[in-house]
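Trainee: Have a look at this prediction, sequence included:
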Amino acid sequence: MRTDLTHLEEKIAHLTRAVDDLSDIVTRQDTEIARLTHRVAMLMEREAGRELDAGGSIPLADQKPPHW
């Protein structure tokens, strides 16, 4: 009986560590995704400004494709 309890406690400890490790990874990924999303938005704004400065009336990203 004692061996079963020890085995279960070890499994719980390993699972707890795995969950903690995965939680840390998800937190880092969330931070990275937020940072990258912000950078993409800045780059899109910058490119839209360049297209507008180049004489385009509507930024290319906002134009409908010719087949529409």
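Mentor: Perfect, thanks for sending it.
Trainee: Run through this protein and note the low-pLDDT ranges.
Mentor: In the predicted model, the chain carries pLDDT under 70 at residues 1, 56-63, 68.
Trainee: all helices for it, in order.
Mentor: Under the criterion DSSP state H, the chain contains helices at 2-53.
Trainee: what residue is smack in the middle of this protein?
Mentor: Ile33 (2.8 Å; C-alpha atoms, centre = their mean).
Trainee: tell me the contacts of that residue?
Mentor: The contact partners of Ile33, by C-beta atoms under 8 Å, 6 or more residues apart in numbering, come to none. All C-beta atoms are positioned from the backbone trio N, CA, C, and that covers glycine.
Trainee: quick one: it from Ser23, how far?
Mentor: 16 Å (C-beta to C-beta, to the nearest Å).
Trainee: next one: Thr37
Mentor: The separation that Thr37 has from Ser23, given C-beta to C-beta, amounts to 21 Å.
Trainee: go on, Thr3?
Mentor: 30 Å.
Trainee: Settle it for me: which of these two has more neighbours?
Mentor: Ser23 (10 against 7; other C-beta atoms under 10 Å).
Trainee: Tell me how many other residues crowd Leu52.
Mentor: Leu52 has 13 nearby residues by other C-beta under 10 Å.
Trainee: now swap in Met44 and tell me
Mentor: For Met44, using other C-beta under 10 Å, the count is 12.
Trainee: next one: Lys11
Mentor: Lys11 has 10 nearby residues by other C-beta under 10 Å.
Trainee: Distance check, it against Arg17.
Mentor: The separation that Lys11 has from Arg17, given C-beta to C-beta, amounts to 11 Å.
Trainee: Then Met42?
Mentor: Taking C-beta to C-beta, one finds Met42 at 38 Å from Arg17.
Trainee: same question, Leu5
Mentor: From Leu5 to Arg17 the distance is 19 Å (C-beta to C-beta).
Trainee: same thing with Glu9?
Mentor: For Glu9, the distance to Arg17 (C-beta to C-beta) stands at 13 Å.
Trainee: Many thanks, I have nothing further to ask.
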